[in-house]
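Visitor: Pasting a predicted model and its sequence here:
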Amino acid sequence: MPLPRDPRHTRRWKRLRKQLLSRYLLCEHRGCNRAATDVHHIVPVMHDPAGMYWFDTRFLKCVCRECHTHIHSVGASVDWKDRKEADEKGSGVG
């Protein structure tokens, strides 16, 4: 079965999004300590028509709405927090 055009409309995506946001409570953009509310695809969905990275957590980051808007508006590379560092500081659940 071919992948849908946009993964964000699937149950699989909604489940993964919920899991990530419950694990990474704080925005993963370095320098930001707001609560994470969105999950950002590092490889944009439109640049990955085969869906190779849609559900790969190595290419997904939890961010606050403000940082997510900023990332998409400037299109710049982002300085991400290390997930191990985030877990050690208690922003992760497990």
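Guide: Okay, I see it. Note that the coordinates shown come from a computational prediction; the quantities given were computed from them, not determined experimentally. Numbering: from 1, shown residues only.
Visitor: quick one: low-confidence parts of the protein?
Guide: Low-confidence segments of the chain, defined by pLDDT under 70, are located at 1-5, 75-78, 84-94.
Visitor: can you give me phi and psi for the spatially most central residue of the chain?
Guide: By C-alpha atoms, centre = their mean, the chain has its centre lying nearest to Lys61, at 2.6 Å. The phi and psi torsions at Lys61 (degrees, to the nearest 10) take the values phi -130, psi 140.
Visitor: got a list of what it touches?
Guide: For Lys61, the contacting residues are Glu28, His29, Val39, His40, Ile42, Val78, Trp80, by C-beta atoms under 8 Å, 6 or more residues apart in numbering. Quick note: C-beta positions are derived from backbone N, CA and C, even for glycine.
Visitor: Would you mind measuring from the fifth one to Arg11?
Guide: It refers to Ile42. In this structure, Ile42 and Arg11 are 22 Å apart, going by C-beta to C-beta, to the nearest Å.
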